[in-house]
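Asks: predicted model and sequence follow; I will ask about them next.
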Amino acid sequence: MTSSTIHILDNGATASLDELHAKLAPGKRRPLMQRLGRRAENLYRDHLNAREASSPNKQGFPRQHFWGRLRDATHFDETAVTDDEAAIRITDRAINAKIYGGTWGPRPGKKNLAIPLRGEAYGTQPSSGLIPNLFLFRPKKGGVYLGKNEGGTLTAFYRLVPRVTVPADPNALPDQSTVAAAILQRARNYVSRVKPATAD
């Protein structure tokens, strides 16, 4: 999977939205879906922007702006909207690890993953050559590391592991009840404009 697709409304999504949707003439349904799609896009991007602003690297390493990257990859797919469906696409496969969690191994041809232990190693692969003179060592306490000798002191830059397990992040996406309430209100506003209430 190269991206994550979030359907914000399709047939049977919620009773309230279905009722509003059914009140509209067929020619007015697609414009509704476009408005709901743009509203949801803003909600998702705002959420990811807030994560970017409030998620410093836990180890104090240089920031890689992960959440900002996901924000920039989030968009409402105008080309796919129909009378009955709209979707938000996050076109960065890294979002799947946050939503679902999972276990990952090294790239093909590699035996281990390199986990950075120092700021200068973060965001840099050992094979890049940006950190010269790295060598493999196994301390008595166990584990396998890549490090270098700095002034007579052995410094570990990476820990090598065969796989890593990442837990799902329950806050990777905005709260779905909040999103549902916001797009329902947008739908109500639209329907009230195109189909004014009539007196009994």
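Replies: Here it is on my side, so go on. Residues are numbered from 1 along each chain as shown.
Asks: which other residues reach stretch 125-137?
Replies: 114, 120-121, 124, 144-149, 154, 156-158, 160 (C-beta atoms under 8 Å, 6 or more residues apart in numbering). From N, CA and C alone the C-beta is placed, and that goes for glycine too.
Asks: next, the residue nearest the centre of the chain: phi, psi?
Replies: Centroid-nearest residue in the chain, with C-alpha atoms, centre = their mean: Ile95, separated by 3.3 Å. As for Ile95, its main-chain torsions (degrees, to the nearest 10) stand at phi -60, psi -30.
Asks: one more: Val144?
Replies: phi -130, psi 130.
Asks: how close does it get to Arg69?
Replies: From Val144 over to Arg69 the distance is 30 Å, taken as C-beta to C-beta, to the nearest Å.
Asks: out of the contacts of stretch 125-137, the closest to Ile88 would be?
Replies: Thr124 (32.2 Å; C-beta to C-beta).
Asks: ok so that closest one is a strand residue?
Replies: No - the assignment for Thr124, made by DSSP: H, G, I helix; E, B strand; the rest coil, is coil rather than a strand.
Asks: check whether it really touches Pro116, as I assumed.
Replies: Yes - Thr124 lies in contact with Pro116 (C-beta atoms under 8 Å); the separation is 7.3 Å.
Asks: among the contacts of stretch 125-137, find me the one that's closest to His47.
Replies: Closest to His47, out of all of those and judged by C-beta to C-beta, is Thr124, at 29.2 Å.
Asks: counting neighbours, what do you get for that closest one?
Replies: The local packing of Thr124 (other C-beta atoms under 10 Å) involves 17 other residues.
Asks: low-confidence ranges, this structure, go.
Replies: For the chain, the stretches flagged by pLDDT under 70 are 1-13, 56-62, 195-200.
Asks: can you give me the end-to-end span of stretch 63-81?
Replies: One end of stretch 63-81 sits 36 Å from the other (C-alpha to C-alpha, to the nearest Å).
Asks: ok, now stretch 104-120?
Replies: OK, stretch 104-120 end separation, C-alpha to C-alpha: 23 Å.
Asks: centre of the chain versus that stretch, how much separation?
Replies: In terms of C-alpha atoms, centre = their mean, to the nearest Å, the centre of stretch 104-120 is set 21 Å apart from its chain centre.
Asks: who's in contact with it?
Replies: 59-62, 97, 121-126, 131, 144-146, 155-166.
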